[in-house]
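**Student:** fold the following and give me the result.
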Amino acid sequence: MKAKGPRSRLGVFSRFGIILLLAIVAVCLLARRDRSNPSELAQRSTEPTQKENQHSAAVPPSRSSNTTNPSGSAASSQPAATNLGGEAVPEHVQTWLRERLTAESFAGGIALLKDQSLSEQARVLILDKLHSWRRYLTPDNLKVLFAETELIAKDATQPRELRSRAVSAMATILVVLQEQNLFSPGEVQAYASFLTELSQAKEADLLVRGRAIRALGILKADNAGPMLRELLATPENVNNQELARNACLALAQVDGVASVPTISRVLETTSDDAVFGTAAFALGQIQTPESLAALVRNESRFPGSGSADAALVNMEDLILRILQRPEDPNIASAIEATRHLWKDGQRDKYTPLLRALVASSQLTAQQAAIGRLIEESRSMPLEQEQRALSLILPSIANNPQLADYTQQIENRLNAKPLVPNAATIPTVGRSR
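**Tutor:** The predicted structure follows:
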């Protein structure tokens, strides 16, 4: 057995040093966590919040870096507590925000929520955390939370941000109550009537009205459809972000396919890019030929937003289905929409369908498909472009109505690559 030499002892000390270093790092991280601000503590200490009965709030990725995000305040049922004036949050509230859910912490949170001597920021943080616990509460505690939230939502003297959060929380808590058979559909409808009245109350704060409108969508309140359509048909509302964005999202959830004409008019008439983005998002979620056509018609209205592109890129299945029906009245829109199918593999799916349309008997579909294929080929190297165009030519060469396209393709097939003339290229250091 070998005796431990200097190298062996050095290895032991090295391992001890690494362990000590890791311990120091862990202590520093714990100390940093304890100094975190209250909103961060509240966020870390709450269980994951699930969104009830909403369209996906994640906006499809767009090629544009300036894509308008429709899932901001309009699409979120309970946004994070920020920009509330920076009031100080008392130490005892900060301590509670770090607590996990227990019977005692829930009761303590309700007591804090009732304390009107606390700042608005503190009460918003408390409400947000209580709201995040809704799916983990006992039936009795869930009803207690709903009752306290209802009191705040119906009290016009409450601060605007706190009241608007309470309005949003009412809807999502009602969803859980109904799922657990704690409230009947009739009881939920009674609260939906209150939200409808609040949505129309012109004396109420716009932020509160917007959250009430959004809450109707979360509840899928059938009776809210006429009010939402009327709201979006009023010209002054179409450019109001709080009203129009929330109404587009709510109407899509309440009326579904029937909401397409109303939301399409918003897309066509609004002069606000954020409203345009939310309307585009809503139409993209509905996914009908009519919503596709509306997006294609209006995609250039706000070219910098990328909202229509973000909606169309995720309508691949619908576009491909329409491309297989040359007689479909929306075939031209579907062909145009292929310009937005930029994800990997999407071109390989729609290009064969465009070539099949070239061979169809529908002249309008033929012309649109040929034009699109020629446009696409221009981005290819010459040899690849000519191969792509040579696949089209046999289908159109003998059709006099497509003679212009035939000539364009033949010109490109006869094109030769430019070869630099060596005699015209100056050489460094060449003597004259």
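**Student:** where's Val419 relative to Leu382, distance?
**Tutor:** Val419 sits at a distance of 12 Å from Leu382 (criterion: Cβ to Cβ, to the nearest Å). (Glycine included, C-beta is placed from N, CA and C.)
**Student:** more neighbours, those two?
**Tutor:** Between Val419 and Leu382, Leu382 has the larger neighbour count (other Cβ atoms under 10 Å), namely 13 against 6.
**Student:** not counting residues beside it along the chain, what's closest to the more buried one?
**Tutor:** Leaving aside its chain neighbours, Leu382 sits nearest to Pro417 (5.4 Å; criterion: Cβ to Cβ, 6 or more residues apart in numbering).
**Student:** do the same with Leu363
**Tutor:** Gln401 (6.1 Å).
**Student:** with Arg372 instead?
**Tutor:** Closest residue to Arg372 apart from its sequence neighbours, by Cβ to Cβ, 6+ apart: Ile335 at 5.3 Å.
**Student:** so for the helix or strand containing Val208, what's the average pLDDT?
**Tutor:** In the assignment (DSSP states H and E), Val208 maps to helix 206-219. Averaging pLDDT along helix 206-219 gives 97.
**Student:** got it, and stretch 251-271?
**Tutor:** Averaging pLDDT along stretch 251-271 gives 97.
**Student:** again with stretch 286-306
**Tutor:** What stretch 286-306 shows for mean pLDDT is 94.
**Student:** ok, and what's touching it?
**Tutor:** Here stretch 286-306 makes contact (Cβ atoms under 8 Å, 6 or more residues apart in numbering) with 62-68, 252, 256-257, 259-261, 263-264, 267-268, 273, 276-277, 280, 283-284, 308-309, 311-312, 315, 317-319, 322, 328-330, 333-334, 336-337, 340.
**Student:** which of these are buried?
**Tutor:** Neighbour-count burial (16 or more other Cβ atoms under 10 Å) is assigned, among the contacts of stretch 286-306, to 62, 67-68, 252, 259-260, 263-264, 267, 273, 276-277, 280, 283-284, 308-309, 311-312, 315, 318-319, 322, 328, 330, 333-334, 336-337, 340.
**Student:** could you count how many residues lie near His92?
**Tutor:** Neighbours of His92 under the rule other Cβ under 10 Å: 12.
**Student:** any idea which helix or strand comes after whatever helix or strand it lives in?
**Tutor:** Applying DSSP H and E as the criterion places His92 in helix 91-97. Once helix 91-97 ends, the next helix or strand along the chain (criterion: DSSP H and E) is helix 103-114.
**Student:** for the record, mean pLDDT for the helix or strand just after that following helix?
**Tutor:** Once the chain leaves helix 103-114, the next helix or strand it forms, by DSSP H and E, is helix 120-132. Throughout helix 120-132, pLDDT has a mean value of 97.
**Student:** from now on call the first residue 41
**Tutor:** In the new count, where the first residue is 41, that last one comes out as helix 160-172.
**Student:** in terms of secondary structure, what does helix 160-172 contact?
**Tutor:** The helices and strands touching helix 160-172, judged by 3 or more Cβ pairs under 8 Å, 6 or more residues apart in numbering; DSSP states H and E, are helix 78-85, helix 131-137, helix 143-154, helix 179-194, helix 200-219.
**Student:** relative to helix 179-194, how tilted is it?
**Tutor:** Compare the direction of helix 160-172 with that of helix 179-194 by axes from the mean of the first three to the mean of the last three Cα atoms, to 10 degrees and you get 140 degrees.
**Student:** what's the domain layout of this protein?
**Tutor:** 75-118+132-302, 366-456 (automatic domain parsing).
**Student:** of those domains, flag the one that's most buried.
**Tutor:** domain 75-118+132-302 (a mean of 19; mean count of other Cβ atoms under 10 Å).
**Student:** so how far is that domain from its chain's centroid?
**Tutor:** Relative to its chain's centre, domain 75-118+132-302 lies at 17 Å (Cα atoms, centre = their mean, to the nearest Å).
**Student:** now stretch 308-319
**Tutor:** 15 Å.
**Student:** again with stretch 441-451
**Tutor:** Here stretch 441-451 shows a centroid-to-chain-centroid distance of 43 Å under the convention Cα atoms, centre = their mean.
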